[in-house]
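Trainee: no sequence for this one, just the structure:
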């Protein structure tokens, strides 16, 4: 138990790092994910293909590979990001946005085709149809899967530990090697901090899901 | 390709092949264990009479699902002192078993209540009702989600990179350190292609299974069982799959969204 008192500042720093990493890449991937989703449902063929290829590639490669790319490969291509927070945000954003896109798209698909057809037939443009008719309805269905994406993102921030960013798992690894006898305590302490983030999110998702079920 | 540092192309390919084998080995050991354990937990949660048992199964699942896989691998490696292979397998099994248990729980919950009632009313115990009547149906409707979970498991083997398990990505890193940055692009390209190829194949399998389920009649062996009133003759397979399809798809949306 002494570990927590001695190393409180270190652990707390890791917690804040995880939190800020999740928040920053969460916000950015919502933006990029929305753009991708718009591309995937747009009437422009090439845009649709680009969106599809992006999502398929990212969803089928590990996040570790994405990190590896930005840390070891991108510099050879002339793109140098400063190691640590910024690289982690870029990798996590590009990865998570594919899942955000799919969550949004499943929401859009849940809206009846007749809605979009009706909007088009009264003369709304694609943009108007999407923003004024389809998205307001798609939103509700998309929220629970979006929250599960956010939960997954929080857990995925741990991959940054392997690429020079000191967040919670990096803290855990360091403390476990420094205090081998207290390794189990360290694990449960760090686990608690993750659950502080993920369990409330899960509860919110469940709550929203129930509400949506009533609304339908 | 020349032969930098006296290594031939064959040596590099050989090392990459070994890395791939290590990746597949971890996945091949972890996947069956995860499915078995996840199935056992789901059965326990549904079929056991003891509150204590179902409750603790529920809590454990929630905990394991809420933690990063990497943390679990680190737990096995540093707290239990296991070797890297089993640490990687441990992380993969615990996390994926929790997810499988959750997927099956959702599948069991989506079954019409009559199935359970019928089982109990003919005198089966809750456990036997779960095992003999509900589970086979739940597995069938959740099959696409279960297959896509294999993709997640395969992708997560790459976390072995961080705990120094010599899987594909770790081997690529070793090669890059040895040969220098000039060769990192082709090495990365090979690694990425391998992951995409394997995972796309498995993803396709999931979509295929889902389509077979949706088409109903053609995929006779995989068809969702008839819901509603029991069929008069057992051989009739023209059941209406729509009743099953709705919950399946809803659940799949949220299940598939988890990276």
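Mentor: Structure's in. What do you need? Here the structure is a predicted model, which means the values were calculated and not measured. Numbering: from 1, shown residues only, chains lettered A, B, ... in the order given.

Trainee: same for the least confident helix or strand in chain A by mean pLDDT, what does it pack against?
Mentor: The helix or strand with the lowest mean pLDDT-type score in chain A, counting by mean pLDDT, DSSP states H and E, is helix A:2-6 (a mean of 79). Contacts of helix A:2-6 with other secondary structure elements, assessed using 3 or more CB pairs under 8 Å, 6 or more residues apart in numbering or on different chains; DSSP states H and E, are made with helix A:183-215. (Each C-beta comes from the backbone N, C-alpha and C, glycine too.)

Trainee: How about the helix it packs on and chain B, touching?
Mentor: Yes. Part of helix A:183-215 sits near chain B under the criterion CB under 8 Å from any CB of the partner chain, namely A:183, A:184, A:186, A:187, A:190, A:191, A:194, A:195, A:198, A:199, A:202.

Trainee: Just the buried ones from the residues you listed, in ChimeraX syntax?
Mentor: With 16 or more other CB atoms under 10 Å in any protein chain shown as the criterion, this ChimeraX line picks the buried residues out of those:
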select /A:183,186,187,190,191,194,198,202
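
Trainee: And the residues of helix A:183-215 next to chain B, which is closest to residue B:91?
Mentor: Checking the residues of helix A:183-215 next to chain B against residue B:91 by CB to CB gives residue A:187 as the nearest, at 12.1 Å.

Trainee: next helix or strand past the helix or strand where residue B:107 lies?
Mentor: Element membership of residue B:107 [criterion: DSSP states H and E] is helix B:84-110. Moving toward the C-terminus from helix B:84-110, the next helix or strand (DSSP H and E) is helix B:113-121.

Trainee: Average pLDDT for that following helix, rounded please.
Mentor: The average pLDDT within helix B:113-121 is 90.

Trainee: what is the orientation angle of whichever helix or strand comes after the least confident helix or strand of chain A with helix A:183-215?
Mentor: Following the chain from helix A:2-6 toward its C-terminal end, the next helix or strand by DSSP H and E is helix A:8-41. Here helix A:8-41 runs at 40 degrees with respect to helix A:183-215, directions being taken by axes from the mean of the first three to the mean of the last three CA atoms, to 10 degrees.

Trainee: And residue A:70, how far from residue A:161?
Mentor: The gap separating residue A:70 from residue A:161 is 15 Å, by CB to CB, to the nearest Å.

Trainee: hmm, I was thinking of residue B:135
Mentor: 38 Å.

Trainee: ok, those two, which is more surrounded?
Mentor: Legend: neighbour count by other CB atoms under 10 Å in any protein chain shown for residue B:135 and residue A:161, higher for residue A:161 (27 against 20).

Trainee: Let me see the contact set for the more buried one.
Mentor: A:167, A:168, A:169, A:170, A:173, B:70, B:162 (CB atoms under 8 Å, 6 or more residues apart in numbering or on different chains).

Trainee: which residues touch the fifth one?
Mentor: What that stands for is residue A:173. A:161, B:74, B:78.

Trainee: How about the fourth one?
Mentor: Contacts of residue A:170 were listed using CB under 8 Å, 6+ apart, and they are A:14, A:160, A:161.

Trainee: coming back round to it: just the buried ones from the contacts of residue A:161?
Mentor: With neighbours counted by 16+ other CB under 10 Å, the contacts of residue A:161 contain buried members at A:167, A:168, A:169, A:170, A:173, B:70, B:162.

Trainee: State the number of residues packed around the residue nearest to the last one when sequence neighbours are not counted.
Mentor: Once its chain neighbours are removed from consideration, residue B:162 has its nearest residue in residue A:162; the separation is 3.3 Å (CB to CB, 6 or more residues apart in numbering or on different chains). Applying other CB under 10 Å, we find 22 residues neighbouring residue A:162.

Trainee: Tell me the pLDDT of residue A:162.
Mentor: For residue A:162, the pLDDT comes out at 89.

Trainee: Give the phi and psi angles for it, as a check.
Mentor: Main-chain torsions, residue A:162, degrees, to the nearest 10: phi -80, psi -10.

Trainee: In space, what's closest to residue 47 - neighbours in sequence excluded?
Mentor: No chain was given, so I picked chain A. Using CB to CB, 6+ apart and skipping the chain neighbours, the partner closest in space to residue A:47 is residue A:39 (4.5 Å).

Trainee: try again with chain B
Mentor: The shortest distance from residue B:47 to any residue other than its chain neighbours is 3.5 Å, reached at residue B:130 (CB to CB, 6+ apart).

Trainee: got the contact list for residue B:30?
Mentor: Residue B:30 makes contact with B:88, B:89, B:92, B:93, B:96, B:153, B:157 under the criterion CB under 8 Å, 6+ apart.

Trainee: repeat that for 10 Å
Mentor: If you count contacts by CB atoms under 10 Å, 6 or more residues apart in numbering or on different chains, residue B:30 has them with B:88-97, B:153-154, B:156-157.

Trainee: now swap in residue B:166 and tell me
Mentor: Applying CB under 10 Å, 6+ apart, the residues contacting residue B:166 are B:15, B:18, B:19, B:21, B:22, B:23, B:84, B:85, B:160, B:173, B:174.
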